[in-house]
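Colleague: Just need the structure, nothing else, for what follows:
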Amino acid sequence: MKTELRAGIAAVVLWLSGCAVQTAAPERSYAGRFSALAVDGERRNSVSGRFTLEVRGAQQRIDLSTAVGTTVARIQIEPGLATATGPQLQSASGPDAERLVEELLGWKLPVSGLADWIEGRPVPDRPATTLRDGDRISEIRQDGWSIHIAEYSPTTQRPRRLLMDRPAADGGPALSLRVIVDDPH
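Modeller: Next comes the predicted model:
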């Protein structure tokens, strides 16, 4: 079976599984673009695409896709449990969403903090420091990440452009993640 066909089937199965599990409308949802760069010595790896994030109470679902819409990963997070499904339908579950994503994609992405950081605030009940520019938070430092809020949306008054950086740690590469959140239509 060709790689494109397998990826297409994987995307459909992921989409259908999300439809079956997620029946209630999300309390908050976001969509946008991302680009990530991992630097490990002389090696540089990058990926870019689109994301959607849905929040229902304490549950979150994050879908990452290529620029043309092929699903790369789906991460579902609830208290004490995370499930991640990769591009070849490989799946893993456990208490740490970041570790699961790293196992599947080879990248340690800040998936458990994203819903709060997109709102321009640190994750509650986890150590953080913030910097302010007037009334707004301009930078959050949490979970080893520096999240710089480079632009707020004039429509939603929420962060529109976020620059997230994490230095090399625990044998992993230095990571830079750029996120642009679309304004709702």
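Colleague: Find the centremost residue of the chain, please.
Modeller: By CA atoms, centre = their mean, the chain has its centre lying nearest to residue 111, at 4.3 Å.
Colleague: And what about that residue, helix, strand or coil?
Modeller: Secondary structure assignment for residue 111 (DSSP: H, G, I helix; E, B strand; the rest coil): coil.
Colleague: so who does it touch?
Modeller: 60, 62, 75, 77, 82, 97, 98, 101 (CB atoms under 8 Å, 6 or more residues apart in numbering). Where you see a C-beta, it was placed from the backbone N, CA and C, and this is true even at glycine.
Colleague: now those residues in JSON lines, with distance to residue 150?
Modeller: Formatted as JSON lines, the contacts of residue 111 follow (distance: CB to CB, whole Å):
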{"residue": "60", "distance to residue 150": "23"}
{"residue": "62", "distance to residue 150": "21"}
{"residue": "75", "distance to residue 150": "24"}
{"residue": "77", "distance to residue 150": "25"}
{"residue": "82", "distance to residue 150": "28"}
{"residue": "97", "distance to residue 150": "25"}
{"residue": "98", "distance to residue 150": "23"}
{"residue": "101", "distance to residue 150": "24"}
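Colleague: so, if you compare those residues, which one comes nearest to residue 44?
Modeller: Nearest to residue 44 among the contacts of residue 111 is residue 101, at 19.4 Å by CB to CB.
Colleague: ok but that closest one is inside a helix, no?
Modeller: Yes. According to three-state DSSP, residue 101 belongs to a helix.
Colleague: any idea how far residue 137 lies from residue 76?
Modeller: As judged by CB to CB, to the nearest Å, residue 137 and residue 76 stand 27 Å apart.
Colleague: Please identify which of the two sits among more neighbours.
Modeller: Neighbour totals were compared for residue 137 and residue 76, and residue 76 leads with 23 against 19 (other CB atoms under 10 Å).
Colleague: any idea how far the helix or strand the more buried one falls within is from the chain center?
Modeller: Assessed by DSSP states H and E, residue 76 sits inside strand 71-78. With CA atoms, centre = their mean, to the nearest Å as the basis, strand 71-78 stands 9 Å off its chain's centre.
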